[in-house]
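[1] For reference, the sequence and a predicted model appear below.
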Amino acid sequence: MKYILAFLCLCGFMKSFSQKATIHYIDTKITVDGQFNEAVWQQLPEYTGFYNYLPTDIGLAENQTSVKLFHNGEYLYVRAIYNDSTTETRVSTLKRDVSISFSDSFVMILDTQNQEQNGYLFAVNSLGNQTDGLVGRVNNGYNLSFSWNAIWQSKAVLNGNKKQYELAIPLKSLNFNKENPVFGVQFYVRDIKNNSWTILKNVKRNYANLDLRFTEKFTVENLPDIATSRFTVTPSITTNYQENVTAKTDETVFAPSIDVQYNLTSSLKLDATINPDFSQIDVDQQVTNLTRFAIFFPERRNFFLENADLFSNLGVDGVNPFYSRRIGAESSIQFGLKLSGNIAPKTRIGVLNVQTDQENENASQNYSVLVGEQQLSENFTATAYLINRQETNNFEFVDDYNRVTGMNLNYKSNNNKWIGIANVGKSFNDGINAKNNFYNAGIWYNQRGLAWNAQVKKVEENYLTDVGFTPRLYNFDAINNVVVREGYTQTTVGVEYQKFYENSKTLNSVRYLNYNNNTYFDDQGNQNQSSHFLNAAVFFKDLSAVYYVINYDDVDLKYGFDPLGNGDSLQPNRYRFGILKVGYNSANNQKFRYRVNVQKGTYYSGKRTTAGVYLNYQLLPFANLELTHDVNHIDLNELGNETFHLSRFTSEIFFSNRLNWTTYVQYNTQRDNFNINSRLQWEYKPLSYIYFVVSDNFTQNLARKNWGIAFKMNKRFDF
């Protein structure tokens, strides 16, 4: 029976792709109800023959999906039917813009410029909950941000064994060009019950399922010149009361703001914001930082996210000249303007200007970014940029400035196994004109079962990026309480070997080797750190896993380091230390999921013992509960010992797809902070929200530091 089914699926696949993949133009409208009663659905070609992706990537899927799509110049309509083996369904959330990894879902990825640089994700789970986001290239892969939003329609219907999905996506929300009428399209289906992913265009599991290099190329008939709707306006009001208990002060702030998006063309968008407020953003997940350098947190603010890969992908990991979270971190944003998108089929530009206000000792600043990206050929893409931070006085520039310029060259092979990147950069500051460069070259190879990479980067001591993220350039000397800026050269090598066991009854795969090394040299060529990472893992048929990790560091510590925060610093010396971690991850298609790990080893001149647990219980569709706890015990002998606890409890209560109540409780002894953030969120109209937020901060001994209440309401208008 399996062979007959596979043969029929193959015939359907050959039939659906025997003609050129096309998104037809049909001048009609439909009702998005998941019923597919309109006659237009009967006249369209069907795209089926989905492949397995996980837990196996061999052959056609046993449970097949069929998709049809067309557009009418205003909406892109999609119809999908997943032929499940059961009438049951399971979802993990009714909250918008949450990962669909743990829900029965249908997902579509659109690369509307067909440049394999950036795209859109639209997903609907089987109870109708929407998720949308941006897919963007980042060095050797792609990442996904759920912070971007669009107004679109969808409906999910449970029809016996069939899971039916219907979508209507406004073309005005997409960045397309009539002169380039080819969309890269990928569909995939998540069935959490059998823990499977199935996908339209065959992608092997060593690549991400959102990899834009593997999309099917659809020719789009009769794309419109411009979007039907050209204006989006979102005004908001926020009332915020904050009491600082420690300082015995309080403050009530009433702040109106407005965000505008104007479609200059269908592929070029102008964003503007005045007095923006970001109080609806989730709180950052706190971490225990035992390194000597700062931790990266992702951007969540919507203004910075449209075409975000243009701005955020100007450097490499650990050396990025533009980090948008620097803007508005110390003073409020007065206004911002951003022009981004395609001005030609192979040319993208990004222009950003943001003005901040003066607050206390922080002077007002103007931030400007100019980015140009050109696809030179099928294999090469070049990017050039200029970043400027300049102090202002009543909108007049002051001589205090920082400028960074550079160029990047990206390579991708036709067989998608090779990726290369080269970067050069230079910074400019008043009175500094030497040792201000950045260089990088890297190569990655990836095939099923084997991957390796090599990279070298050089950061000179005066490569200053005031709006960037270059943490290793700055060394804090805990003994003398000063920051010392030092250039460095870093080499990176890595290799991974994994074998898949398709015919085994117990094993899915074994990662025999995953090794990575980062070695750092100072400006004199002396090695000051070499970090080794070694990992192996066994993945069972249900994708649960048991694994180990060995981290080993050889550090020539040049400056005092106080990891315990007790004032007793490690002295400059040569330290060699390592730690062994073993852990187990349960299968992720269960209502109760968990991960546990223990670690034991050395840490600089002392010892370190660590344990961690992650628990998740899904009372769905009504609630989702999550608890993590990590404990780090460090004993540095005569310098003292300390135990750092980090706990995070998340409670999500779903009253409907549009009304939810989320509470975060975080306990971090390293930062002496116990935080509670509770937010009621109501989407009373599409992308129009009312928020009520209560936040409370205590010391680890439960002495209150500050607390506050915020109310926010916004309304989105499309003209």
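    Right, received. Where do you want to start?
[2] So which bits of stretch 503-522 are buried?
    508-511, 514-515, 518-522 (16 or more other C-beta atoms under 10 Å). Where C-beta positions appear, they are placed from N, C-alpha and C, glycine not excepted.
[3] now, which of those residues sits nearest Glu486?
    For these, the closest approach to Glu486 (C-beta to C-beta) belongs to Asp522, at 6.4 Å.
[4] ok, now how distant is the spatially closest residue to that closest one that is not a sequence neighbour from Ala168?
    Take Asp522 and drop its neighbours on the chain: the residue closest to it by C-beta to C-beta, 6 or more residues apart in numbering is Asn528, 5.3 Å away. Distance, Asn528 to Ala168, by C-beta to C-beta, to the nearest Å: 57 Å.
[5] Let's verify the residue nearest to Asp522: helix, strand, or coil?
    Classification of Asn528 by DSSP: H, G, I helix; E, B strand; the rest coil places it in strand.
[6] Report the separation between it and Tyr520.
    Applying C-beta to C-beta to Asn528 and Tyr520 gives a distance of 6 Å.
[7] shared neighbours of those two, anything?
    Tyr488 (C-beta atoms under 8 Å, 6 or more residues apart in numbering).
[8] Run through the residues that contact the residue nearest to Asp522.
    With C-beta under 8 Å, 6+ apart, Asn528 has these contacts: 488, 520-522, 555-556, 558.
[9] Could I get the full set of helices for the chain?
    2-18, 308-312 (DSSP state H).
[10] among those helices, which gets the worst mean confidence?
    Across the helices of the chain, helix 2-18 has the smallest mean pLDDT, namely a mean of 46.
[11] low-scoring stretches of the chain, by residue?
    1-19, 226-229, 277-284, 306 (pLDDT under 70).
[12] so Phe428 makes contact with Arg403?
    Yes - contact status for Phe428 versus Arg403: in contact at 4.3 Å, counting by C-beta atoms under 8 Å.
[13] which ones are touching the nearest residue to Ser695 once chain neighbours are set aside?
    Computed as C-beta to C-beta, 6+ apart, the closest residue to Ser695 that is not its neighbour in sequence is Asn677, at 4.8 Å. Contact analysis of Asn677 by C-beta under 8 Å, 6+ apart lists 283, 663-664, 666, 693-696.
[14] For Lys269, list each beta-bridge partner.
    Listed by DSSP bridges, the beta-bridge partners for Lys269 are Asn263, Ser340.
[15] thinking again about what came up before, closest one to Glu642 out of the contacts of Asn677, please.
    Distances from Glu642 to these, taken by C-beta to C-beta, are shortest for Gln666, at 18.8 Å.
[16] so what's the closest one bridging to?
    Note on Gln666: beta-bridge partners Arg648, Asn675, judged by DSSP bridges.
[17] Quick check, it in contact with Gln286.
    Yes - with contact defined as C-beta under 8 Å, Gln666 counts as touching Gln286 (5.2 Å).
[18] gap between the residue nearest to Asp522 and Asp477?
    14 Å.
[19] again with Asp225
    According to C-beta to C-beta, Asp225 stands 60 Å off from Asp477.
[20] Those two: which has the busier surroundings?
    Legend: neighbour count by other C-beta atoms under 10 Å for Asp225 and Asp477, higher for Asp477 (15 against 7).
[21] Tally up the residues packed near the closest residue to that one other than its chain neighbours, please.
    Distances taken as C-beta to C-beta, 6+ apart place Tyr559 nearest to Asp477, at 3.9 Å, with adjacent residues excluded. Other residues within reach of Tyr559 by the criterion other C-beta under 10 Å amount to 19.
[22] do Asn360 as well
    Neighbours around Asn360, by other C-beta under 10 Å: 7.
[23] what's the distance between it and Ser331?
    In terms of C-beta to C-beta, Asn360 sits 8 Å off from Ser331.
[24] ditto for Thr22
    With C-beta to C-beta as the criterion, Thr22 and Ser331 are 52 Å apart.
[25] quick one: which of these two has more around it?
    Ser331 (17 against 14).
[26] was I right about the more buried one contacting Asn366?
    No - no contact is recorded between Ser331 and Asn366 when judged using C-beta under 8 Å, the distance being 11.9 Å.
[27] shared neighbours, these two?
    Shared contacts of Ser331 and Asn366 (C-beta under 8 Å, 6+ apart): Thr356.
[28] Quick one: the strands in the stretch 401-550 of the chain, in order.
    418-429, 437-447, 450-459, 474-477, 482-485, 488-500, 507-521, 527-540, 545-557 (DSSP state E, counting those that start in this stretch).
[29] Turn those into a markdown table, columns for distance to Trp707.
    As requested, the strands of the stretch 401-550 of the chain are exported to a markdown table (distance: least, C-beta to C-beta, whole Å):
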| stretch | distance to Trp707 |
| --- | --- |
| strand 418-429 | 41 |
| strand 437-447 | 43 |
| strand 450-459 | 41 |
| strand 474-477 | 31 |
| strand 482-485 | 33 |
| strand 488-500 | 43 |
| strand 507-521 | 42 |
| strand 527-540 | 41 |
| strand 545-557 | 39 |
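[30] ok, now which ones touch Ala308?
    Ala308 touches 134, 136, 145, 148, 299, counting by C-beta under 8 Å, 6+ apart.
[31] Revised request: answer the last question for Phe122.
    If you count contacts by C-beta under 8 Å, 6+ apart, then Phe122 has 107-108, 110, 130-132, 152, 154, 167, 169 around it.
[32] give the contact list for the residue nearest to Asp477.
    With C-beta under 8 Å, 6+ apart, Tyr559 has these contacts: 475-479, 484, 572.
[33] Figure out how far stretch 138-150 is from the centre of its chain.
    5 Å (C-alpha atoms, centre = their mean, to the nearest Å).
[34] can you list contacts of that stretch?
    Here stretch 138-150 has contacts from 97-99, 120-121, 131-136, 169-170, 173, 208, 210-212, 298-302, 305-306, 308-309, 312-313, 316-317, 419, 421, 442, 444, 453, 687, using C-beta under 8 Å, 6+ apart.
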